[in-house]
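Student: Pasting the sequence and the predicted coordinates here, then a few questions.
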Amino acid sequence: MKFAINSLLIASAVAATVNADVWKITSLDKGTRDNTCSRQVQACQNNCGGPSLAPMAFCNSTTMAWGCGCLNNTPNMEVWNWPVPAADCSGSLNACKNNCSAKDNASACFVNCTNTHMCNTEDAPVSYTSSSDVSIAPKYVGPAVSYKGDKLGDLNDGNNRDGLTPSPSHSGSSNPKSESDGSQKGASDSINSATRFQLTSAAVLAAFAAAVSF
């Protein structure tokens, strides 16, 4: 009888683990991913002053890797407000709340979810969705820290963060924004020399073609 009860408890624990929500932004349906990526690119272009001034505005709706780099300025939109990181936070929050049903104290779990997922603020958990290139998939999961640099509690979104510790830049009052906003900074930092050369060459060729046609 004791063996049967223990087996039942183990089975229940396994079922709870299997059924737990594991959040990953790529689990969003295609329509939502396409829409979020479209808003991400548009936000970057607007922030840069227009599409022609945002040569590094990208978002891969399959991997949700995103980045933003302006030609003449540094993107100044707070990273927690970019569409992709905001959607990542919202999805993690929903998974956290859904997973509270398996906790002994669901009400306390709900409160914890709210406290660790203050989306669209500097207290939101860092989103590991940015990338240096549209073809490079993001990390998705990293240490549970806020953009303000504070270590957060259990995000309870099904992701295993055991052994993941914040780097020195993610501790204390330091701001990890520069490492997580996907920005290739300003004309001096935002575009590498090869890209800048390509853009300059294109402009020279266009000017030459205009002069010849004239």
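Tutor: All right, it came through fine.
Student: Could you double-check that residue 95 lies in contact with residue 23?
Tutor: Yes - the pair residue 95 / residue 23 is scored as a contact, 3.8 Å apart, by CB atoms under 8 Å. From N, CA and C alone the C-beta is placed, and that goes for glycine too.
Student: who touches both of these two?
Tutor: Residues touching both residue 95 and residue 23 (CB atoms under 8 Å, 6 or more residues apart in numbering): 157-158.
Student: If you drop the residues flanking it in sequence, what lies closest to residue 116?
Tutor: Spatial nearest neighbour of residue 116, chain neighbours left out: residue 152 (4.8 Å); criterion: CB to CB, 6 or more residues apart in numbering.
Student: same thing with residue 159?
Tutor: Distance criterion CB to CB, 6+ apart; nearest residue to residue 159, sequence neighbours excluded, is residue 141 at 4.8 Å.
Student: what is the mean pLDDT for stretch 79-88?
Tutor: Across stretch 79-88, the average pLDDT comes to 98.
Student: Please report how far the nearest residue to residue 127 once chain neighbours are set aside lies from residue 140.
Tutor: Closest residue in space to residue 127, ignoring its immediate chain neighbours: residue 85 at 3.7 Å, by CB to CB, 6+ apart. With distances taken as CB to CB, to the nearest Å, residue 85 is found 12 Å from residue 140.
Student: residues contacting the nearest residue to residue 21 once chain neighbours are set aside?
Tutor: Once flanking residues are discounted, residue 21 sits nearest to residue 95: 4.0 Å by CB to CB, 6+ apart. Contacts for residue 95 were tallied using CB under 8 Å, 6+ apart; they are 21-23, 156-158.
Student: Surely residue 95 forms part of a strand?
Tutor: No - under DSSP: H, G, I helix; E, B strand; the rest coil, residue 95 sits outside any strand and is assigned helix.
Student: just so I have it, where are all the strands in this protein?
Tutor: 58-59, 66-67 (DSSP state E).
Student: quick one: residue 33 from residue 163, how far?
Tutor: The gap separating residue 33 from residue 163 is 29 Å, by CB to CB.
Student: neighbour-wise, which of these two wins?
Tutor: Higher neighbour count among residue 33 and residue 163: residue 33, with 21 against 6, using other CB atoms under 10 Å.
Student: and the nearest residue to the more buried one once chain neighbours are set aside, what does it touch?
Tutor: Closest residue in space to residue 33, ignoring its immediate chain neighbours: residue 61 at 4.5 Å, by CB to CB, 6+ apart. Taking CB under 8 Å, 6+ apart, we find residue 61 in contact with 30, 33-34, 36-37.
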